[in-house]
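Visitor: Coordinates only, no sequence provided:
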C-alpha cells in the first residue's frame, strides 16, 4: 500500500517485517521475567537501552520505575503513546515454552505485549522521522495493576517538572481475549471506574468450643459478603452498570480459635459518579449494619486502597485514528464494542494534560481458536480472559498489528502525514 492510499505515510511501517523476529524474542523474554508493580527494573532497563539506541531522549525512574522517551522532530503536535509494564501475582499454567520463570508471577494481562508493541512503534517512528513532524513521547508506566502508576509518574513531575512535553493527545491500546488481527473500539466511556476497598470487621476472639463467649468476625464478614451482592441487583437500576466483587477474605489461623478480626477486600466498578456514590454508600451501610447485628465491639474500618477513574475516549480523535485503522487493516477488522467493566489509569495522563484520549483493544488470541469458540458459543469457556493463568497472547499476528496500530495512530496525529 502506497503513502497516497492512506492518511499517513505507510512507508514508515515497511521495516517492521525485518524487525519482527527481534520483537518476538523480546516479547518472550519479557514474558519469562515478569515484574510486579514498582519493581519493573529489568523491564525498564531494557526499555531505556532500546530507546537510547533509537535516538530518544530518555528519562528513567519516574514514579519509581517509569521510563519516557522524547523524540523532538520539528514543528507540530505532541503525541504521547503509553504502555504499562507490570505483571500480576498469578501462577502461570499456560504450557508455552517461554512461560514465567518467576514463581507466583505472570504477565497475565498482556503488558509484555504492550511494552513490545510500543518499543516496535518507537523504533519505526524514529527510523521514519523524515516523513513526519512534531514531538513524540513514548511512556512506559509502572503499576497499572495497582492503580497507582500513572499517578506516581504525574506526582513525580512528569508534566510539572517538564520531564516530557505536555501532550496534545494520548494514545494507548490493551491486548484482549479476541482474535488476533482485530481491533475493537468504544466511543465515550469505554472502561469503568474502579475502587478497591479493604474492610476490617472487629469481633471478640476466643476458644472455638465456646463461641457464646465471643463475637465471631468470620460469621459477621461472611454475612456481609452475601448481603453485599444485593447492592447491584436490588439498589441499582437495570439500565445502569455496576459490579461488586469480593476477591479476598482473610481471618484466623487455626480451626479451634475464633479470631478477633476478619478482613475483606472488594472491587467496585461503575461508569457513573452517582452510581459509584450509591454503591459505596450501600457497602458501608451493610458493613456497619452487620457489625451492629453481631453486637461487634466496634464499627468496621474501611480503607480505600486504590481508585481508577472512568476511561473516556474522545470521539473526534477516535474517528480520525479509526479512519487510518480502517484504511490500513480493512473495515472488517475494526469493530465497535461495548464498554468494558475492567479499569485503567491511562486516562489520568490525558486529563492531567487536558488532552484527548483514545484507548482501543487489540486482539491477541489465536484467530482459529477464537473463531471456533465463537461459532460454538463457548467464548467464556474456551478463551482465557485477562488475569487468567492461561492468558498468553500469540506473538503473531498480535505484535505485528499492535506495532502497526500504535505507529499509524501516532502518524494520523503528527504533522506532515
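Guide: Structure received. Being a predicted model, the structure only gives us computed values, none of them experimental.

Visitor: so where's the stretch 1-150 of the chain uncertain?
Guide: Under the criterion pLDDT under 70, the flagged ranges of the stretch 1-150 of the chain are 1-5.

Visitor: hmm, try it at 50
Guide: Low-confidence regions of the stretch 1-150 of the chain, defined here as pLDDT under 50, do not occur.

Visitor: Now do the residue nearest the centre of the chain against residue 200, distance only.
Guide: Nearest to the mean C-alpha position of the chain, by Cα atoms, centre = their mean, lies residue 344 at 4.8 Å. Residue 344 sits 28 Å away from residue 200, taking Cβ to Cβ, to the nearest Å as the criterion. Heads up, the C-betas are built off the backbone N, CA and C, glycines and all.

Visitor: for the protein, what spans make up the helices?
Guide: Secondary structure of the chain (DSSP state H): helices at 16-32, 41-54, 111-127, 149-155, 217-228, 230-235, 273-293, 315-329, 346-351, 367-376, 379-382, 398-413.

Visitor: mind putting the ones you listed in a markdown table, mean neighbour count and distance to residue 95 included?
Guide: Shown next, in a markdown table, are the helices of the chain (neighbours: other Cβ atoms under 10 Å; distance: least, Cβ to Cβ, whole Å):
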| stretch | mean neighbour count | distance to residue 95 |
| --- | --- | --- |
| helix 16-32 | 17 | 13 |
| helix 41-54 | 18 | 23 |
| helix 111-127 | 25 | 17 |
| helix 149-155 | 23 | 30 |
| helix 217-228 | 20 | 34 |
| helix 230-235 | 14 | 36 |
| helix 273-293 | 17 | 39 |
| helix 315-329 | 18 | 30 |
| helix 346-351 | 23 | 31 |
| helix 367-376 | 14 | 14 |
| helix 379-382 | 12 | 15 |
| helix 398-413 | 25 | 18 |
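
Visitor: Which of these sits closest to residue 178?
Guide: helix 367-376 (6.0 Å; Cβ to Cβ).

Visitor: Just list what that closest one packs against, helices and strands only.
Guide: strand 169-179, helix 379-382 (3 or more Cβ pairs under 8 Å, 6 or more residues apart in numbering; DSSP states H and E).

Visitor: of all the helices of the chain, which lies closest to residue 77?
Guide: Here helix 398-413 is closest among these (Cβ to Cβ), at 6.0 Å.

Visitor: Show me what the closest one is packed up against.
Guide: helix 16-32, strand 78-84, helix 111-127, strand 169-179, helix 315-329, strand 357-365.

Visitor: Report the contact partners of residue 112.
Guide: By Cβ atoms under 8 Å, 6 or more residues apart in numbering, the residues touching residue 112 are 27, 30-31, 34, 87.

Visitor: Over to residue 123?
Guide: 15, 19, 50, 54.

Visitor: For those residues, which two are the farthest from each other?
Guide: Within these, 15 and 50 form the most distant pair, 14.8 Å apart (Cβ to Cβ).

Visitor: Test my guess that residue 198 contacts residue 287.
Guide: No - counting by Cβ atoms under 8 Å, residue 198 stays clear of residue 287, with 11.1 Å between them.

Visitor: Between these two, which contacts overlap?
Guide: residue 302.

Visitor: Mean neighbour count, the helices and strands packed on helix 367-376: which tops it?
Guide: By mean neighbour count, with neighbours taken as mean count of other Cβ atoms under 10 Å, strand 169-179 ranks first of these at a mean of 24.

Visitor: Quick one: mean pLDDT over that one.
Guide: Averaged across strand 169-179, the pLDDT comes to 97.

Visitor: Taking helix 367-376 as reference, get the angle to it.
Guide: If you take axes from the mean of the first three to the mean of the last three Cα atoms, to 10 degrees, strand 169-179 sits at 70 degrees to helix 367-376.

Visitor: mind checking how far strand 169-179 is from the chain centre?
Guide: 9 Å (Cα atoms, centre = their mean, to the nearest Å).

Visitor: Neighbouring strands - and their directions - for that strand?
Guide: Strand 169-179 pairs in its sheet with strand 78-84 (parallel), strand 357-365 (parallel), by DSSP bridges.

Visitor: got TSV for those, with mean neighbour count and distance to residue 329 too?
Guide: Below are the strands paired with strand 169-179 laid out as TSV (neighbours: other Cβ under 10 Å; distance: least, Cβ to Cβ, whole Å):
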stretch	mean neighbour count	distance to residue 329
strand 78-84	26	18
strand 357-365	25	11
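
Visitor: Would you mind putting those into a markdown table with distance to residue 150 alongside?
Guide: Shown next, in a markdown table, are the strands paired with strand 169-179 (distance: least, Cβ to Cβ, whole Å):
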| stretch | distance to residue 150 |
| --- | --- |
| strand 78-84 | 8 |
| strand 357-365 | 12 |
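
Visitor: quick one: which of the ones you listed is nearest residue 176?
Guide: Using Cβ to Cβ, the nearest of these to residue 176 is strand 357-365, at 4.2 Å.

Visitor: any idea of the mean pLDDT for that closest one?
Guide: According to the model, strand 357-365 has a mean pLDDT of 97.

Visitor: Quick check: end-to-end length of stretch 349-369?
Guide: 35 Å (Cα to Cα, to the nearest Å).

Visitor: distance between it and the chain's centre?
Guide: 9 Å.

Visitor: And stretch 37-50, by the same measure?
Guide: That offset, for stretch 37-50, works out to 18 Å (Cα atoms, centre = their mean).
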